[in-house]
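**Q** Return a 3D structure for these sequence lines:
(one chain, ligands or ions: 1)
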Amino acid sequence: MREELDTKLVADYPELYRDRFAPMNQTAMCWGFSCGDGWYRIIDALSAALVGPHRRAKKDLEYWTENLGKQAWRGREGTQEDIDKAQKKFDETPCPVAVQVKEKFGTLRFYVHGATDAQYNYIEFAELMSARTCEICGEHGQTYPIGWNQTLCDKHADEEYGEEAAEYRNKTGQWADEGDE
Ligand SMILES: [Zn+2]
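**A** This next block holds a predicted model:
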């Protein structure tokens, strides 16, 4: 992925990509986003889904901590109970850390530590979307099981594979969704 997009993801979601520049004996994130620009929007949306609830919970906790004993939400006083509830929510909504983001067998692989089951569901959805999205340009695509598997739109598949592309056209997802790991 080109540097500009890599930089934007790290700037927009620093919590998730906090190991982006950590040493390679700690994380594979040091290699950056090892896939094409066409998947930027998928990774951006996934990052928002992984980070958003965590940020909201953090904000709520800060709010109630600041407003203990003060006129707060809807004019009532913030209580210790509000803080405890916000703390519980915050604890249940951790922000995972990305440890590797790459293309493999034509689809996105997004590895994290510290994710909840709900967060793993978002990741699975993003990986399925990548099997339907051209890795080069982001248009609708399909995974071609030719050579190294690649997920490409019609135009980029024709450029890459020539006439062979037509043979596999419109068999979307057939290979990509058959679990390979
Ligand atoms: Zn394309």
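**Q** Residue 105 contacts residue 149, correct?
**A** Yes: contact criterion CB atoms under 8 Å: residue 105 and residue 149 qualify, at 4.7 Å. (Glycine included, C-beta is placed from N, CA and C.)
**Q** how far away is the residue sitting furthest away from the middle of the chain from the ion?
**A** Computed with CA atoms, centre = their mean, the residue of the chain farthest from its C-alpha average is residue 69, at 39.1 Å. Distance, residue 69 to the ion, using CB to the ion, to the nearest Å: 58 Å.
**Q** List the contacts of the residue nearest to that residue when sequence neighbours are not counted.
**A** The shortest distance from residue 69 to any non-neighbouring residue, by CB to CB, 6 or more residues apart in numbering, is to residue 77 (6.0 Å). Applying CB atoms under 8 Å, 6 or more residues apart in numbering, one finds that residue 77 lies in contact with 67, 69, 70, 71.
**Q** From the residues you listed, list the buried ones, please.
**A** residue 67 (16 or more other CB atoms under 10 Å).
**Q** how about the helix or strand that contains residue 90: buried residues?
**A** Residue 90 is part of helix 80-92 when elements are defined by DSSP states H and E. Neighbour-count burial for helix 80-92 flags 82, 83, 86, 90 (criterion: 16+ other CB under 10 Å).
**Q** And the furthest pair within these?
**A** 82 and 90 (12.3 Å; CB to CB).
**Q** Would you mark the buried spots in stretch 127-147?
**A** Buried residues in stretch 127-147 (16+ other CB under 10 Å): 127-136, 138, 141-144, 146.
**Q** Just give me the least confident of those.
**A** Lowest in pLDDT among the buried residues of stretch 127-147 is residue 146, which has 85.
**Q** Can you pull up the most central residue in this protein?
**A** residue 46 (3.3 Å).
**Q** Get me the contact residues on the protein for the ion.
**A** 134, 136, 137, 139, 153, 156 (CB under 5 Å from the ion).
**Q** Could I get the contacting residues of the fourth one?
**A** Spelled out, that is residue 139. Here residue 139 is in contact with 38, 133, 153, 155 (criterion: CB under 8 Å, 6+ apart).
**Q** same check, this time on the third one
**A** By CB under 8 Å, 6+ apart, the residues touching residue 137 are 37, 38, 153, 155, 156.
**Q** Would you state the helices of the chain in chain order?
**A** Applying DSSP state H to the chain gives helices spanning 3-12, 40-66, 80-92, 117-130, 154-161, 164-168.
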